[in-house]
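Visitor: I would like the atomic coordinates for the input below:
(one chain, ligands or ions: 1)
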Amino acid sequence: MKSKDIREKFIKFFTLNGHERFNSSSLVPDDETLLFTTAGMVQLVPYLLREKDIDFKRVCSTQKSFRTSDIENVGNDGRHLTFFEMLGSWSFGDYYKEEAIELAFDLLTKEFKLPKDKLWVTIFKGNKNIPRDSESYIHWQKLGFSSNRIIELEEDNFWGPTSEEGPCGPSTEIYYDQGNSVCNKDMYSCCKNNKCIPGCDCDRYLEIWNAGVFMEYFKNSSGVFSKLPFTNVDTGAGLERLSMVLQNKTSVFETDLFSSIIDIIRNDSSNFNINSANLVADHIKAIVFLVLDGVLPSNEHRGYILRRITRRLFYNITILGYQDNLCLNLVEEVLSIYEGIYFEKSDRNSNLEKVLKVIKEEDIIYSNTVLKGIKNLEKLIDKGKISGEDLFKLHDTYGLNIDMSKDILLSRGLDFDEKGFNDKMKQQQERSRMNSSFSLGKSVEKDFSEYPKTEFLGYDILSLMGAEVLYAEENDGEIIFILNKTTFYAEGGGQIGDSGKVMGNNLEVAVSNVKKTKLGVYLHFGKLLKGKMKEGDIVNCYVDKGKRENTSFNHTAVHLLNKAMKIVLGDTVSQKGAFIDSDRIRFDFNLDRALSSEEIEKIEDIVNENISKNENIQILEKNFDEVKKMGIDLAFEDRYDKTVKLRVVKIGDFSIELCGGTHFGNTGKIGKFKIVKQESASKGIRRIRAILEK
Ligand code: SER
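Guide: Below is the predicted model:
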């Protein structure tokens, strides 16, 4: 059966059983705390928690999904992928365990006609928090499964939450026995002892369907479980694995979802090997889908993951001796496999162009830096001894991802000093943690009080020539320094510090953050890229313009949000904290209940209305009495220095606040404001996460 028919049959079966079909959502979820859409349930979380009303009690979908949890196995076995499609069905407080189990069993045995004696099932064994799922056990027994084919597992049969907190529950899964010939024989202890059953890591028992996560719990960010006042069923089957079984294959890469891609690789490679080909086939799909859902390679967040898989793809393409570095044929093939499903034929050329542009740009960086790292690693391999510290240096200097180093070492049969690498990584993290809490300064016993207040010119200009270095301290390439004047904004008022470059004579520093001491001395934190920095050096500052601009837009949105909250919820509600960077807004306020969906909509509408009014942003300097007269909230009057001018940010006639943050021009170009999540921050304090859509 073709994968296209499997998709259709699945949806037909569930719609005939009263389920409403939902379209696949983007791989980039609304929930900013979650990197990617890793399952069909991601877009449904607000409904699963009843934060939003839903018109349907039964839903089904085919959802494009991306996970990196199994990335190390991709290519090395026939069943793990990063990009895959999940066929899913849900019940919102309608049917529960019995019907969910029956539906899954009927679809597999009656519609797809899988032989019952090849199926095994697993249920949740129970642990100290959650009891054993005895009901599912009984339902499977009723369908004729003897107790030796119902395996009880713990971690494998508890699913969720997908982000810091959320709905979760015990699950029951269906496995397909591919037969003894597929067993990896002596790779795992279960195989060695001839005791393979579901739960053993070998390929023989293939999980084909998470036939029901019985979501009746909520796990909060402190790890505490509470019972939800309602139940849900969440199921998910990987289309690639179902296709593998229904097409009588022993690897997902042999199914019609992959075989044409593998053929292209085979034809165009001078040094074909199946593991690299499988990895390339998986990763190219992930790249196409991620880019077309708007992810671009970068060094953080989603962009970092895309960059990592792109580099792994390049490396494996090199191993394959694949000629067309820009992957033209592969991207075209991916687009054509999913045409009419996720992509339109009419968009073919523009999609191709978008993806190839990203691949081409990444290829340049890869060839100029990462490849050097690989060559250095190869030199070390020739010498025969590679420490965790070497691996860390390759990662730090050339951006050679650790999973790539690992791939390379393992493919040569060499050990991987994971502990050594992790130790070095931890040390670096510790150093940057210390930087961010000023302890690098403390560690050299300085509080910087002898330095003059830094002149901050960055409200008006982003670049500055001729600043003088007053202090510089370097530690293993990490640097902290003070200038007499700067354009770098220092962390404050919820807004993150600027990053960018500082250059001097034969000197280059990448600035990653800036903090301000109580006395107004700006401490620049960064990495020395070239030369040495010393007291007395004359340098130029270049703030990262794109990052600053987006951060400023988010800061302006926070002012609008603050005012909109008061309009909708009353003046007693006020801002209790914020975190503003170039991608995200986090806003805390006092309220002892969740916002309703109508309130969220109202707040969004008010903010967006004021954005579209193209309101002017004025920065005014006023003394304390003038500020009081303007009616600005001065909650802690005695905290203000009454002898200095205060900075007032006024957005049209809508909002007026005291603020030391950065804002630009007018509201018109900041983007569309969207609240993506609300949660509790602490007792009586709610937290909103929001973004500006461009
Ligand atoms: N959310 C569950 C999973 O991803 C069932 O779909 O396995």
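Visitor: only C-alpha atoms from now on, for both contacts and neighbour counts.
Guide: OK.
Visitor: the ligand contacts on the stretch 151-300 of the chain?
Guide: Applying Cα under 6 Å from any ligand atom, we find that the stretch 151-300 of the chain lies next to the ligand at 210, 213, 234, 235, 236.
Visitor: hmm, 5 Å instead?
Guide: Residues of the stretch 151-300 of the chain that fall close to the ligand, judged by Cα under 5 Å from any ligand atom: 235, 236.
Visitor: how many other residues sit next to the one residue in the stretch 151-300 of the chain that gets nearest to the ligand?
Guide: Relative to the ligand, the nearest point of the stretch 151-300 of the chain is residue 236 (3.3 Å; Cα to the nearest ligand atom). Residues lying near residue 236 (other Cα atoms under 10 Å) number 25.
Visitor: list the contacts of the residue lying closest to residue 556 once chain neighbours are set aside.
Guide: Spatially, and ignoring its direct neighbours in sequence, residue 556 is nearest to residue 663 (6.1 Å; Cα to Cα, 6 or more residues apart in numbering). Contacts for residue 663 (Cα atoms under 8 Å, 6 or more residues apart in numbering) come out as 552, 553, 555, 556, 617.
Visitor: secondary structure element holding the first one?
Guide: Which is residue 552. Taking DSSP states H and E as the definition, one finds residue 552 inside helix 545-569.
Visitor: next SSE downstream of that helix?
Guide: Next element after helix 545-569 (DSSP H and E): strand 575-580.
Visitor: and the residue in the stretch 51-200 of the chain that the ligand sits nearest to, how many neighbours?
Guide: When distances are taken as Cα to the nearest ligand atom, the stretch 51-200 of the chain reaches nearest to the ligand at residue 88, 5.9 Å away. Other residues within reach of residue 88, judged by other Cα under 10 Å, total 28.
Visitor: contacting residues around stretch 534-549?
Guide: Contact with stretch 534-549 is made by 462-472, 486-488, 498-505, 582, 664, as judged by Cα under 8 Å, 6+ apart.
Visitor: quick check: residue 135 touching residue 100?
Guide: No: judged on Cα atoms under 8 Å, residue 135 makes no contact with residue 100 at a distance of 12.0 Å.
Visitor: who has more neighbours, those two?
Guide: Between residue 135 and residue 100, residue 100 has the larger neighbour count (other Cα under 10 Å), namely 23 against 12.
Visitor: after the helix or strand bottoming out on mean pLDDT in the chain, which helix or strand is next?
Guide: None of the helices or strands of the chain scores lower by mean pLDDT, DSSP states H and E than helix 439-443, at a mean of 37. Along the chain past helix 439-443, the next helix or strand (assigned with DSSP H and E) turns out to be strand 455-456.
Visitor: was I right about residue 27 contacting residue 290?
Guide: Yes: the pair residue 27 / residue 290 is scored as a contact, 6.6 Å apart, by Cα under 8 Å.
Visitor: so who does residue 240 touch?
Guide: 3, 84, 85, 252, 255, 257.
Visitor: so which of those are in helices?
Guide: Of the contacts of residue 240, the ones assigned to helices by DSSP state H are residue 3.
Visitor: show me how far the helix or strand hosting residue 332 is from its chain's centre.
Guide: For residue 332, the element it lies in under DSSP H and E is helix 328-337. Relative to its parent chain, helix 328-337 has a centroid offset of 25 Å by Cα atoms, centre = their mean, to the nearest Å.
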